[in-house]
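Q: got a predicted structure plus its sequence, pasted below:
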Amino acid sequence: MTITAFFVFLFLRTASGLLDPVDFLVLQSVRSSLEDMPGSHFFASWDFSRDPCFFSGVFCSGDRVVALSLGDPRAGSPGLFGHLDPSIGDLTALAELTVVPGRLIGPLPPTLARLTNLKFLAMSRNFLSGTIPSEISSLRQLRTLDLSFNLLSGAIPAGLGLIRTLSNVVLCHNRLSGSVPSLCSASLVRLDLSNNDLSGGISCMPDSLQHLSLSQNRLSGSIDRVISRNQRLNFLDLSLNLFSGGIPPRVFSFPMRGLFLQRNLFTGPLRPAAEVTIPTVDVSFNRLWGGISPFFSSVRRLYLNNNLLSGAVPAQFVAKLMDGEIEILYLQHNYLTGIQVSPASELPRRSSFCVQYNCMLPPSQMSCPFKAGREKIRPASQCVSHRG
């Protein structure tokens, strides 16, 4: 657009009370810093001789841009490539900013801190790099922060814990390091920091959390503070970390759809206080010992394999397994000493059952995963030393 055309445009805008001139210039800068990936036609409507409020992804209220969705949001559509222009921080009325999955590169501009009205910020599945600017903590109206599946590194800004409106924080699948900051917002419902390089213990988790995933990090210590008083959790994934100590019995009473604690350093017995109604429970590859509680027989998919469990398998498990109420029962690589399965019983086709490499002869109905190995029975010397 020529300078003359721009001033004509401004005159028409002023006369009709339309888009703010600063917002107009910012949209031009955004357009110059981004391009459609092959197959994308998102910017086809961005003709600056027309009203920008009718551009794809631009939403206005009065003379201001209040929402900006960059890229075609339809699933599977190609995204954009380029970088996010720092001038975007001048869209001071912006409440929502999203970038669809694509090849957005470079750092997050610290100028995002100027968007004091921002409530929703999502730029998942791009190639953003650098650190998360500490200035982002000044967005005190922010409710959703989703920067997942990028190349972000460095620490999570400690100031995020001061944003009391936050309800969703999704930073998974990055290269973030350092500790998990204290996130005690009473509004926080979803927290996903999985697949990073975070370390240290967990200081504080709010009672409002319903979805918590910290898997595939290097987090350590007890999980008591993670679930101290929380009774709202419906999904908990702490797998592939270095958590240690016992698994608190109360975690098995939460109304969850999935509990994943596998591949940690948990020790001690498993002692749920009542029947466990969680559909999937995975505590495999830990150092848990003692007997198997019959309260776990109501779990549809149960992974207790690769621990130090001993004693006989309760009869309730066999009955529900043969009735098809249990879909997966993995007990392999423990020190179990008995299971009563009738040779005439037939395992339902949809069920998987494995009890090999224990201190007993396994039944013929087993259906073990390939990774369980070929050895059927644990060496007698190991079984004797374990009892001792």
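A: That came in fine, so what should we check first?
Q: beta partners for the residue most central in space within the chain?
A: Note on the chain: the residue nearest the mean C-alpha position is residue 192, at 3.5 Å, using C-alpha atoms, centre = their mean. Beta-bridge partners recorded for residue 192 (DSSP bridges): residue 170, residue 213.
Q: that one is in contact with residue 173, isn't it?
A: No - the criterion here is C-beta atoms under 8 Å, and residue 192 misses it with residue 173 at 9.1 Å. Every residue, glycine included, has its C-beta placed from N, CA and C.
Q: which residues do those two both contact?
A: By the contact definition C-beta atoms under 8 Å, 6 or more residues apart in numbering, residue 192 and residue 173 are jointly contacted by residue 148.
Q: what helices or strands is the strand ranked longest in the chain leaning on?
A: Determined from DSSP state E, the single longest strand within the chain is strand 64-70. Other elements packing on strand 64-70 under the criterion 3 or more C-beta pairs under 8 Å, 6 or more residues apart in numbering; DSSP states H and E are helix 21-33, strand 58-61, strand 96-99.
Q: pLDDT averaged over the helix or strand just after the first one - what is it?
A: When you say that, I think you mean helix 21-33. Downstream of helix 21-33, the next assigned helix or strand under DSSP states H and E is strand 34-36. In this model, strand 34-36 carries a mean pLDDT of 97.
Q: now swap in stretch 94-110 and tell me
A: Across stretch 94-110, pLDDT averages out at 97.
Q: quick one, the longest strand of the chain and helix 21-33 angle?
A: With axes from the mean of the first three to the mean of the last three C-alpha atoms, to 10 degrees as the basis, strand 64-70 and helix 21-33 are set at 10 degrees to each other.
Q: contacts for strand 64-70, please.
A: 19-20, 23, 26-27, 30, 34, 42, 52-53, 57-60, 80, 88, 91, 93-100, 117.
Q: filter those residues to the buried ones?
A: Among these, those classed as buried by 16 or more other C-beta atoms under 10 Å are 19-20, 23, 26-27, 30, 34, 42, 52-53, 57-58, 60, 80, 88, 91, 93-100, 117.
Q: and the strands in the stretch 51-200 of the chain?
A: For the stretch 51-200 of the chain, the strands defined by DSSP state E, counting those that start in this stretch occupy 58-61, 64-70, 80-83, 96-99, 103-106, 120-122, 127-131, 144-146, 151-154, 168-170, 175-178, 190-192, 197-200.
Q: how far does stretch 284-304 sit from its chain's centre?
A: Taking C-alpha atoms, centre = their mean, to the nearest Å, one finds stretch 284-304 lying 24 Å from the centre of the chain it belongs to.
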